[in-house]
Structures are given as structure tokens and as C-alpha cells.
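>>> Next comes the sequence, and after it the predicted model I'd like to discuss.
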Amino acid sequence: QAEYIRAILPAILFDPALQCCSTPASTPSPHPPPMATVVVSVYFFARARELAGLSSASLSAPASPTTAAAFRDAVLLPAFPALRPLFPAAVLAVNEEYVDDDMELRLKEGDEVAVIPPI
């Protein structure tokens, strides 16, 4: 019996048709692929600094295109809910350029996002 197992074991291990637990390549995964993210530096100014309790932080953000409003609502405010009273009056700047809520963002690794409250 041991000789038989030694004889068929390579076929079982390397022949996909004989493997009981293999997944054919054409079978879609039940899980979506992970979303690509980038790490951005977020800087808080004036009242935003007081509410956040720090002057800067690193946050993971989607690498795919998004809007400034979506970044604010899905990334910034969940991480710093104390900032919520500042919006919509506060503005964001990415790499030293102001962005409108509906403006498309294509964040890259190392980008800088500033939270600037109303003056």
C-alpha cells in the first residue's frame, strides 16, 4: 500500500484535475480584490488642530480617483470625528492647492492634505 501511495502521490499533487481542493483559474473569487491605498500626510491648522488634538497625521486613502468630499467623508472624518463641526465651512488643500468638494482627487503616496478652517 505504501508503494501505491508513493506512485500516485506526485500525480495527485501536480495534476489539477485530481486535486480535491483546487479552484479553477476561471472561477471568480467571492472576495473583491483589495482596494489600492496610499498614505498621505494630513496637516491641521488653527481650530482644526485644536479639535484633532495634533498638528499632523498619516492616513491611508484610496489610490483610485475620488472627490474631495468623498475623501473628507470616508477617510478624514471617520479618523477625526471631532472635525465634523468645521465642515462644510472648512476647506481642504492638496499639495498646497485648494480643492472644491466636487473636485476630482488622484491622491499619490506622500501627498499632503491640509485642513483649513474658516477664518
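Here it is on my side, so go on.

>>> What are the phi and psi values at the closest residue to residue 113 other than its chain neighbours?
Of all residues not flanking residue 113 in the chain, residue 42 sits nearest, at 4.8 Å (CB to CB, 6 or more residues apart in numbering). Bear in mind the C-beta positions are built from the backbone N, C-alpha and C, glycine included. As for residue 42, its main-chain torsions (degrees, to the nearest 10) stand at phi -110, psi 130.

>>> check contacts around residue 79.
57, 59 (CB atoms under 8 Å, 6 or more residues apart in numbering).

>>> Just grab the bridge partners of the residue nearest to residue 113 for me.
Per DSSP bridges, the residues bridged to residue 42 are residue 57, residue 113.

>>> how many other residues sit next to it?
24 (other CB atoms under 10 Å).

>>> Kindly report the same for the one 10 residues further on.
Neighbour count for residue 52, taken as other CB under 10 Å: 21.

>>> Please apply the same query to residue 40.
Residue 40 has 23 neighbours, counted by other CB under 10 Å.

>>> That one - nearest residue in space that isn't next to it in sequence?
Distances taken as CB to CB, 6+ apart place residue 111 nearest to residue 40, at 4.7 Å, with adjacent residues excluded.

>>> who's in contact with the residue nearest to residue 113?
Contacts of residue 42 (CB under 8 Å, 6+ apart): 56, 57, 58, 59, 76, 112, 113, 114, 115.

>>> tell me the pLDDT at residue 62?
At residue 62, the model reports a pLDDT of 89.

>>> no wait, residue 11
pLDDT, read off for residue 11, is 57.

>>> can you map out the helices along this structure?
Counting by DSSP state H, the chain has helices at residues 2-14, 47-52, 68-71, 77-79.
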